[in-house]
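Trainee: Got a sequence here, can you model it:
(one chain, ligands or ions: 3)
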Amino acid sequence: MSSLASPPAVLPLANEPCWCGSGRKYKRCHKKSEGRVLQGEVSPMRTVPDHIERPSYADTGMVDRWDEPRVKSPEIIERMRHAGSVAAEILRLTGEYIRPGITTEDVDAYAHQLYVDRGAYPSTLNYHGYPKALCSSANEVICHGIPDSRVMQDGDIMNIDITAYIGGVHGDTNATFFVGDVDPQSRQLVRITEECTWKGIEAVVPGRPISDIGRAIEDHAKAHRLAVVKAFVGHGIGEQFHTDIQVLHYYDSRGSTIMRPGMTFTIEPMIALGTWQHKMWDDDWTAVTADGKRTAQFEHTVLVTDDGVEVLTGGDGAVSPVAPWHR
Ligand code: MF3
Ligand code: CO
Ligand code: CO
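Mentor: Ligands and ions are numbered 1, 2, ... in the order given. The predicted model follows:
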């Protein structure tokens, strides 16, 4: 065994011996994991001050579900506008904080304070035991990456997913940010993913089936030879973080639910450079692409209105405030 702990500047060819001295071919040894996101140490859960209203799972990690009307009252909608704008602002400020050389744990600590300052509870904290105030999903991580001791690298793409619970309701939004200097193919992936999200949002029309959303997203992704991740879907949202409405990001004729004014749900496509298939890390949260190629995501919480859609996590304070072609 060689004492080399990290790869040399010049890597072997696939069929040459691995740089680590194992005697195996490089392609059978370290090649597979090089450039991949490595799992770091996760620090203990942070606390939220007592004066901040907490969802029922905050203390136990156990999520109880109840029947919640799909069509929200005007009063709930008003509260959801506020939760949405708080989440959108935290997402934007967190994105501005991101830079090479700091850890995702640092980013979580920063965002945690932003929630607290605004009187919001970070919805992910202890949700089914999830340990942090946000999800940080780098490069080939599709979603639900846990902030840890991994240092963000120049050239990473980093999705940050913020969900704020305030006024008894949740607002859920995410965006993919560039860490330093990012290669053109990854930039294109991120741009098309944001466009896919807005194609989905523009397909929200009362009286139409919810499958219109996935169709619009999938058509746009396919036109750019990108894949739609299938395992994770948008969801109904309100007084509960996740309710029964499912928003597929690809076309499926079973999505026959008719969109009605007053419904609230998320649209959050995950788009990949390679395969749509995923694998799970052994932390049981982190989903990665099966081929290790990069993936991006954007998310908004939307309201179906009488004549279209209102983006509850959009507008002035948002990272992705309107469709890119209207900017
Ligand atoms: N915010 C994520 C979503 O868009 C859910 C994260 S749940 C967690 O639905 F437990 F993984 F944090
Ligand atoms: Co969501
Ligand atoms: Co989210």
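Trainee: now the residue sitting nearest the centre point of the chain, which residues is it bridged with?
Mentor: Using C-alpha atoms, centre = their mean, the residue of the chain that lies closest to the mean C-alpha position is D161, 4.5 Å off. Under the criterion DSSP bridges, D161 forms beta bridges with C135, N174.
Trainee: Then the one 5 residues further on?
Mentor: On the basis of DSSP bridges, I166 is bridged to V169.
Trainee: Run a quick check on it versus D117, I expect a contact.
Mentor: No - in this structure, I166 is not within contact of D117 by C-beta atoms under 8 Å, at 11.7 Å. (Each C-beta comes from the backbone N, C-alpha and C, glycine too.)
Trainee: Compare neighbour counts for the two and give me the winner.
Mentor: Shown here are I166 and D117; by other C-beta atoms under 10 Å, I166 has more neighbours (23 against 9).
Trainee: pLDDT value on that one, please?
Mentor: I166 carries a pLDDT value of 99.
Trainee: Contact partners for it?
Mentor: E53, H82, A83, V86, R118, G119, A120, Y121 (C-beta atoms under 8 Å, 6 or more residues apart in numbering).
Trainee: nearest residue to the second one other than its sequence neighbours?
Mentor: What that stands for is H82. In space, and not counting its chain neighbours, H82 is closest to G167: 5.6 Å by C-beta to C-beta, 6 or more residues apart in numbering.
Trainee: quick one: that neighbour from ligand 2, how far?
Mentor: To ligand 2, G167 is 18 Å away according to C-beta to the ion, to the nearest Å.
Trainee: count of neighbours near that residue?
Mentor: 19.
Trainee: List the buried residues in the helix or strand containing Q113.
Mentor: Assessed by DSSP states H and E, Q113 sits inside helix 104-117. By 16 or more other C-beta atoms under 10 Å, the buried positions in helix 104-117 come out as T104, E105, D106, V107, D108, A109, Y110, A111, H112, L114, Y115, V116.
Trainee: quick one: pLDDT of the first one?
Mentor: In this case it means T104. So T104 comes in at 98 (pLDDT).
Trainee: one step back: and of the buried residues of helix 104-117, the nearest to ligand 3?
Mentor: Distance to ligand 3 across the buried residues of helix 104-117 (C-beta to the ion) is lowest for A111, with 13.0 Å.
Trainee: Which residue is the nearest non-sequential neighbour of that closest one?
Mentor: T94 (4.5 Å).
Trainee: do the same with Q297
Mentor: M270 (4.5 Å).
Trainee: and the one you found, what is it in contact with?
Mentor: I142, C143, T193, V228, V229, F232, H249, T295, A296, Q297.
Trainee: again with V309
Mentor: I201, E202, V204, V205, V302, L303.
Trainee: Take those residues and keep only those in strands.
Mentor: Using DSSP state E to define strands, the subset of the contacts of V309 located there is V302, L303.
Trainee: which of the contacts of V309 has the most neighbours?
Mentor: For the contacts of V309, neighbours tallied by other C-beta under 10 Å; top is V302, 26 neighbours.
Trainee: Around ligand 2, which positions in this structure sit nearby?
Mentor: D172, T266 (C-beta under 5 Å from the ion).
Trainee: who touches I267 in this structure?
Mentor: Counting by C-beta under 8 Å, 6+ apart, I267 makes contact with T197, G200, I201, V204, I213, I217, G234, V247, H249, E299, H300, V302.
Trainee: Quick check: the first one touching T301?
Mentor: Pointing back at T197 there. No - under the criterion of C-beta under 8 Å, T197 makes no contact with T301, lying 11.7 Å away.
Trainee: T163 falls within a strand, correct?
Mentor: Yes - per DSSP: H, G, I helix; E, B strand; the rest coil, T163 lies within a strand segment.
Trainee: Report the contact partners of the residue nearest to it when sequence neighbours are not counted.
Mentor: Distance criterion C-beta to C-beta, 6+ apart; nearest residue to T163, sequence neighbours excluded, is S123 at 3.7 Å. By C-beta under 8 Å, 6+ apart, S123 lies in contact with P55, T163, A164, Y165, H170, D172, F241.
Trainee: can you tell me which of these lies nearest to ligand 2?
Mentor: D172 (4.1 Å).
Trainee: Next, give phi and psi for that closest one.
Mentor: phi -130, psi 120 (degrees, to the nearest 10).
Trainee: Near it, how many residues? Count them for me, please.
Mentor: 29.
Trainee: I figured it was touching A87, is that so?
Mentor: Yes - counting by C-beta under 8 Å, D172 does reach A87; the two are 6.5 Å apart.
Trainee: residues shared between the contacts of these two?
Mentor: Contacts common to D172 and A87, judged by C-beta under 8 Å, 6+ apart, are I162, T163, T301, T313.
Trainee: restrict these to those near ligand 1?
Mentor: Applying C-beta under 6 Å from any ligand atom, the subset of the shared contacts of D172 and A87 adjacent to ligand 1 comprises T163.
Trainee: which pair in the shared contacts of D172 and A87 spans the largest distance?
Mentor: Largest separation among the shared contacts of D172 and A87 by C-beta to C-beta: I162 and T301, giving 10.8 Å.
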